[in-house]
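Chemist: Using only what follows, build the 3D model:
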Amino acid sequence: MSVTETDSDPRTAATLPGTLRLGAVQLKVADLDRSVAWYRRALGLRVHSHDATVAELGDGTETVVVLHQDAQARPAGRHAGLYHYALLYPSRQELARAAVRLAVTQTPIQGASDHRTHEAIYLPDVDGNGIELAADRPREQWPSSLGYDRGPAPLDFDSVLATVAGEQPATRVGEGLRMGHLHLHVGDIDEGLAFYRDVLGFELQATLLASAAFVSVGGYHHHLGFNVWNGRGVGSPPAHTVGLRHWTVQLPTDADVAHVRARAEDAGAAVETVDGGFLVRDPWQTAVVFVSTAATGRNSRAVVQTARPSPDLLQLAKHFRHKLDVSFDERAAVIPFAFGHAALAAGEDTLIIDAYAQTPADLARVEQVIGSHLDRFGRRDELTVAWQPRD
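Modeler: Modelled structure (predicted):
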């Protein structure tokens, strides 16, 4: 597919929701048992499932890496595909524990950098798939240029390791590990921008000497980077090549996914239906899957008895719209958070609230935020918010 600039159709001009989050990467490996052993030992990942040809790994609550065995797979060469994926730790301390784990297991690294927005350690897995281990700095500490104008500085390992001084090494990763970003090899930066920015809806953050571009949503430093460091004009990977099967973008609602699918189809991209969403390939056949949290995540519902369902809905929606991209009218609302979302519907004498998130902890957080605000707003009416799981 050759992607060109999009027209003025509002669907193609739209950007992705600012509450976008990334899901698991799906990788091809040559020997599944060997790879699982490496990920457990070197990175401390927990095995969520493991059969003859597929294994899912993560932090015990959310899968971040899915390994698929291809016994014929050969090492990647000079072509498009995966440069690295970034595992994002919830704190600097967890990144330090990961660094200690690498040292204890004598796992070689390729480098380490301070990007000012985040700190990172780089290494390959046992098949050569590139990995970045990262921890974000608080957003208020990010430079206005997101650090792209100055380039990375060396990582201060002493400062990072000081955050866990005196601790015993941890053999397993703690909860909170997520997929942070992807970085891909492509054949042309402008063509990559025409697809990832103009069709899919990512926003450009920076380009580096026309050899790399970084895109994101919601002001994040980057959800995706792509470069031509394997050579301009490189093609797609040969069959049976180690690397990326697909990466995953999670959007809040089915409607969000449908809008992106419509833009991709309007641009002439071949779209494949998958559970909860669709798969589309960039001009070099690298696949990305878009799914909704509503379809693939966890869900609970509260049916609140109230004589004022529409006013209660509007009060909640208007409260959050000053900081969030809330969509609402008198009968329905969607309130998106970085950790999940709530869909509200006003009935005759009830306010129905559905909470959605990818993990139990995030679902509980959505419930707490929505429930506490509704309790406060509806105090005079003695509203009761009781959540029931719907999985």
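Chemist: got the residue ranges for the strands in the stretch 101-250 of the chain?
Modeler: For the stretch 101-250 of the chain, applying DSSP state E, counting those that start in this stretch gives strands covering 111-114, 118-124, 130-136, 153-154, 178-185, 203-208, 212-216, 224-227, 243-251.
Chemist: which helices and strands sit right next to the helix or strand containing residue 39?
Modeler: In the assignment (DSSP states H and E), residue 39 maps to helix 32-43. Packing partners of helix 32-43 (3 or more C-beta pairs under 8 Å, 6 or more residues apart in numbering; DSSP states H and E): strand 46-50, strand 54-58, strand 63-69, helix 92-104. Glycine gets a C-beta too; all of them are placed from N, C-alpha and C.
Chemist: what comes into contact with the helix ranked longest in the chain?
Modeler: Assignment by DSSP state H gives helix 360-377 as the longest helix of the chain. The contact list for helix 360-377 (C-beta atoms under 8 Å, 6 or more residues apart in numbering) reads 61, 175, 297-300, 302, 304, 312, 315-316, 319, 335, 337, 339-342, 351, 353, 355-357, 383, 385, 387.
Chemist: what lines up beside the following helix or strand past it in the sheet?
Modeler: Remark: after helix 360-377, the chain's next helix or strand is strand 387-389, criterion DSSP H and E. If you go by DSSP bridges, strand 387-389 pairs up with strand 298-305 (antiparallel).
Chemist: Could you tell me how far the partner strand lies from the centre of the chain?
Modeler: 26 Å (C-alpha atoms, centre = their mean, to the nearest Å).
Chemist: ok, now stretch 141-160?
Modeler: 22 Å.
Chemist: That one - what's its average pLDDT?
Modeler: Averaging pLDDT along stretch 141-160 gives 92.
Chemist: Next, the distance between the ends of it.
Modeler: Terminal residues of stretch 141-160 lie 16 Å apart, using C-alpha to C-alpha, to the nearest Å.
Chemist: what comes into contact with that stretch?
Modeler: 92, 95-96, 99, 112-117, 119-121, 205-206, 208, 214, 221.
Chemist: quick check: angle from the helix holding residue 39 to strand 118-124?
Modeler: Helix 32-43 and strand 118-124 are oriented at 140 degrees to each other (axes from the mean of the first three to the mean of the last three C-alpha atoms, to 10 degrees).
Chemist: what mean pLDDT does helix 32-43 have?
Modeler: 98.
Chemist: Number the chain from 35, please
Modeler: Happy to do that; since the first residue is 35 now, the last one works out to helix 66-77.
Chemist: what angle sits between it and helix 126-138?
Modeler: Going by the same axes, to 10 degrees, helix 66-77 makes 120 degrees with helix 126-138.
Chemist: and the angle from helix 66-77 to strand 97-103?
Modeler: Relative orientation of helix 66-77 and strand 97-103, computed by the same axes, to 10 degrees: 150 degrees.
Chemist: If we go by neighbour counts, what in helix 66-77 is buried?
Modeler: Neighbour counts over helix 66-77 (16 or more other C-beta atoms under 10 Å) mark 66, 69-70, 72-74, 76-77 as buried.
Chemist: do the same with stretch 396-410
Modeler: Of the residues in stretch 396-410, 396-401, 403-405, 407-408 count as buried by neighbour count, 16+ other C-beta under 10 Å.
Chemist: tell me the domain boundaries of the protein?
Modeler: 44-328, 331-423 (automatic domain parsing).
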